[in-house]
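# build me a structure from this.
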Amino acid sequence: MTDPQLTEVTVVNGRVTVPRLRYGHVPYGGVKSGTHLEPEEGLRWATVPTTLCTDQEDTMTRASMPLDDLLVELGDRDQDALRVILERTVQALVEAEVTAVTGAGRHERTPERLTYRNGHRSRTLDTRVGRLQMEIPKLRQGSFLLSLLEPRRRIERALWAVIQEAYVHGVSTRKVDDLVAAMGGCQELDRELAEFRERPLDDAQYPYIWFDATYEKVRLGARIVSQAVVIAVGVRESGEKCVLGVDVGSSESQQFWLEFCRSLLARGLKGVQLVVSDAHVGLKQALAQCFPGASWQRCRVHFLRDLVTALPRHEAPAVLALVKTIYAQPTREAARAAMVQVLERLEPTVPKAAKMLREAEEDILAYLSFPREHHSSISSQSAIERVNAEVDRRAKVVGIFPHPASLLRLATAVLQEQHDEWQDGKRHFSQASLAQLSADGQDLLTNPLTAGLVA
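All right, here's what the predicted structure looks like:
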């Protein structure tokens, strides 16, 4: 590779033309070869390599800043000089990579363009020289994540913390010993995750909430037991999904669920109109005490599973297909009419299943009192089951957790990453559909949680 040589430039009508060369002097930050630049008084030039351009290839326009301006900024922030340089460099890489993804630079018109930019989202990047504030471009079609940024880095830190716990409890191998010796403590991560779990919730109302639990293996002394990871997910009045809370306990007892729900209320949770969950007795009793003014939707998926237990095996497929016709109705009136027809057909042949269906009618059809656009999401726990699946997938990497605190650490890290992904501007429900909700929720109540339950 030869040393860069001074590039010949041509000035035509006050504009500078940079020719297509493999190496040359170009303005700080880089430019696309063959483009025109407006000369600025006092602009300094730096020697950087540029790639050879052909008719089929297109170089990327880098985010640039005149060198004098950068030096002035660094002079004002002597202690952060290295961080500022790295922040500018990484931001330039962001702009260069998004140009390659879109097939065109900012405001550039070309038939090779694949999509368009659509604003930015802020993201923090932790480095050895400090925290960098990045602006990651969003695209109208598809998504963009800089390859330099490591996705789910917080989760990996939680996994390393689990390895540390394993080392402390004497269950590590020689490779784990070597790894732990090179790692620091996890106190900073624990503080960060605790802040997420305990953050205030009084910034908005949450008309919909889903509750669920998943179980993982944990070592307690000489025993290996199952521990419940309980999770609450909600939707803000503006439409975004949020992780509201997470905790780990020995079982889904009524007392444990009650403490969990009360912790959400203590953090400012308000405006709840519908709670979606399975029919776990302890959970229902806790919800009745904490959310007395809300309706309760029994998850239709869990109900159908429970219904199968009351059916002969050969009858199950036909009966389930019949019951699903009730859920297919768009209005409460149509669903009630379908319910009557289904019960008339089931009572002579499978009376036990018919009784279960009749008793659960109000609970499994509560979602029909809410906007139709929301029915597919609020009639079941699908909105939270996917979150549970991600926690389970990450937990499989560990297998048996050395301590309940390590399980809580990993679960919180997974949920915080999911929560952050939900805050990218995409709404789970449109604001127009949420506007249809009653202002106080009282007109929508069909089966308040306190009905038939001991407060």
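
# could you export the helix or strand encompassing A354 as CSV, CA atoms only?
Here A354 sits within helix 351-359, counting by DSSP states H and E. These are the backbone C-alpha positions of helix 351-359, laid out as CSV (Å, rounded to 0.1, in the frame of the first residue of the first chain):
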residue,chain,number,x,y,z
PRO,A,351,-72.4,-32.1,31.2
LYS,A,352,-69.2,-31.5,33.2
ALA,A,353,-67.6,-29.5,30.5
ALA,A,354,-70.9,-27.6,29.9
LYS,A,355,-71.0,-26.7,33.6
MET,A,356,-67.4,-25.3,33.4
LEU,A,357,-68.3,-23.3,30.4
ARG,A,358,-71.5,-21.9,31.9
GLU,A,359,-69.7,-20.9,35.2
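
# quick one, strands of the stretch 151-300 of the chain?
Taking DSSP state E, counting those that start in this stretch as the criterion, the stretch 151-300 of the chain carries its strands at 208-220, 223-235, 241-249, 274-277, 295-298.

# so which of those strands comes closest to M134?
Among those, the nearest to M134 by CB to CB is strand 241-249 (22.8 Å). All C-beta atoms are positioned from the backbone trio N, CA, C, and that covers glycine.

# quick check: which helices or strands does the closest one pack against?
helix 187-197, strand 223-235, helix 254-266, helix 404-422 (3 or more CB pairs under 8 Å, 6 or more residues apart in numbering; DSSP states H and E).

# at 7 Å instead, please
Counting contacts by 3 or more CB pairs under 7 Å, 6 or more residues apart in numbering; DSSP states H and E, strand 241-249 packs against strand 223-235, helix 254-266, helix 404-422.

# buried ones in the longest one?
Neighbour-count burial for helix 404-422 flags 404-419, 422 (criterion: 16 or more other CB atoms under 10 Å).

# could you point out which element follows that helix?
Heading C-terminal from helix 404-422 (DSSP H and E), you reach helix 431-434.

# dig out what L125 forms beta bridges with.
Listed by DSSP bridges, the beta-bridge partners for L125 are L132.

# no, scratch that, I was asking about S295
With DSSP bridges as the rule, S295 is bridged to L274, P448.

# what about Q341, neighbour count?
12 (other CB atoms under 10 Å).

# for V84, see how far away it is.
71 Å (CB to CB, to the nearest Å).

# any low-confidence regions in the stretch 51-200 of the chain?
Residue ranges of the stretch 51-200 of the chain with pLDDT under 70: 51-82, 127-129, 145-187.

# now with 90?
Along the stretch 51-200 of the chain, the model assigns pLDDT under 90 to residues 51-192.

# so who does L365 touch?
Under the criterion of CB atoms under 7 Å, 6 or more residues apart in numbering, the neighbours of L365 are 332, 335.

# state the pLDDT value of it.
pLDDT for L365: 94.

# what do you get for A279?
Reported pLDDT for A279: 91.

# who's in contact with it?
When contacts are counted by CB under 7 Å, 6+ apart, A279 touches 298, 302.

# from C299, how far out is it?
8 Å.

# report the buried residues of the helix holding A354.
353-354, 356-357.

# for those, name the two members farthest from one another.
A354 and M356 (7.3 Å).

# looking at this, N388 is in a strand?
No: N388 is assigned helix when assessed by DSSP: H, G, I helix; E, B strand; the rest coil, not a strand.

# neighbouring contacts of the helix or strand hosting R336?
Assigned by DSSP H and E, R336 belongs to helix 332-346. For helix 332-346, contacts defined as CB under 7 Å, 6+ apart pick out 319, 322-323, 325-326, 329, 353-354, 357-358, 361, 365, 368-369.

# could I get these as TSV with distance to L304 and secondary structure?
Output for the contacts of helix 332-346, formatted as TSV (distance: CB to CB, whole Å; DSSP: H, G, I helix; E, B strand; the rest coil):
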residue	distance to L304	secondary structure
V319	10	helix
L322	11	helix
V323	7	helix
T325	12	helix
I326	11	helix
Q329	16	coil
A353	11	helix
A354	14	helix
L357	10	helix
R358	15	helix
E361	14	helix
L365	14	coil
L368	17	helix
S369	21	helix
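
# show me which of those residues is closest to V398.
V323 (39.0 Å).

# and the closest one, what is it in contact with?
304, 307, 342, 357.

# roughly how far apart are the nearest residue to V281 once chain neighbours are set aside and V301?
Nearest residue to V281, sequence neighbours excluded (CB to CB, 6 or more residues apart in numbering): Q254, at 7.1 Å. Here Q254 is placed at a distance of 23 Å from V301 (CB to CB).

# what helix or strand is H120 located in?
Going by DSSP H and E, H120 is part of strand 117-127.

# show me which residues of that strand are buried.
117, 123, 125.

# test my guess that the last one contacts I136.
If I follow you right, that is L125. No: checked against CB atoms under 7 Å, the pair L125 and I136 is beyond contact range at 9.7 Å.

# if we can go back for a sec, distance to R394 for the contacts of helix 332-346 - can I get that in CSV?
Formatted as CSV, these follow (distance: CB to CB, whole Å):
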residue, distance to R394
V319, 37
L322, 39
V323, 35
T325, 38
I326, 37
Q329, 39
A353, 38
A354, 42
L357, 37
R358, 41
E361, 38
L365, 35
L368, 36
S369, 37
